[in-house]
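1. okay, predicted coordinates and the sequence, questions at the end:
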Amino acid sequence: MIDPELAARFDELEAKVEQAYKAAESTRKYLFWTGVVTVALIVLPLIGLAFAIPSFITNYVNPLNAATGNTTSTVNLLNSLGL
């Protein structure tokens, strides 16, 4: 039915397609884990800083207010600065 030479070429092509599929899957997994690590190392700390920075500002501004005799609260000070 099928020429033996043609069948051999089909088998060879099938092997190459399988190798290409494995390489593509490996690349897909690599890119997925790169994205996960990027989110874990960059985005999550930025979200944490959004909550930590106001606390740091309060810790630094309150002693300054006490030293200068200023009675305005940190929240009022930040509001006056437009933050």
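-> Thanks, I have it.

2. what's the local residue count around Pro54?
-> Other residues within reach of Pro54, judged by other Cβ atoms under 10 Å, total 14. Placement of C-beta: from N, CA and C, glycine included.

3. now do the buried residues in the helix or strand encompassing it.
-> Taking DSSP states H and E as the definition, one finds Pro54 inside helix 44-68. Of the residues in helix 44-68, Val61 count as buried by neighbour count, 16 or more other Cβ atoms under 10 Å.

4. helices and strands around that helix, which ones?
-> helix 74-81 (3 or more Cβ pairs under 8 Å, 6 or more residues apart in numbering; DSSP states H and E).

5. from the chain's centroid, how far away is the helix holding Pro54?
-> When C-alpha coordinates are averaged (Cα atoms, centre = their mean, to the nearest Å), helix 44-68 and its chain have centres 24 Å apart.

6. show the pLDDT at Leu78.
-> Confidence at Leu78, expressed as pLDDT, is 72.

7. once you drop chain neighbours, what's closest to it?
-> When the adjacent residues along the chain are set aside, Leu78 lies closest to Ile57, with 7.0 Å between them (Cβ to Cβ, 6 or more residues apart in numbering).

8. report the distance from stretch 40-47 to the chain centre.
-> Offset of stretch 40-47 from its chain centre (Cα atoms, centre = their mean): 6 Å.

9. need the CA coordinates for that stretch. PDB is fine.
-> The C-alpha coordinates for stretch 40-47 follow below in PDB (Å, rounded to 0.1, in the frame of the first residue of the first chain):
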ATOM      1  CA  ALA A  40       6.000  36.400  44.200                       C
ATOM      2  CA  LEU A  41       9.200  38.500  44.300                       C
ATOM      3  CA  ILE A  42       8.000  41.800  42.900                       C
ATOM      4  CA  VAL A  43       4.200  42.200  43.000                       C
ATOM      5  CA  LEU A  44       3.500  40.800  46.500                       C
ATOM      6  CA  PRO A  45       6.200  42.900  48.200                       C
ATOM      7  CA  LEU A  46       4.800  46.000  46.500                       C
ATOM      8  CA  ILE A  47       1.300  45.200  47.900                       C
END
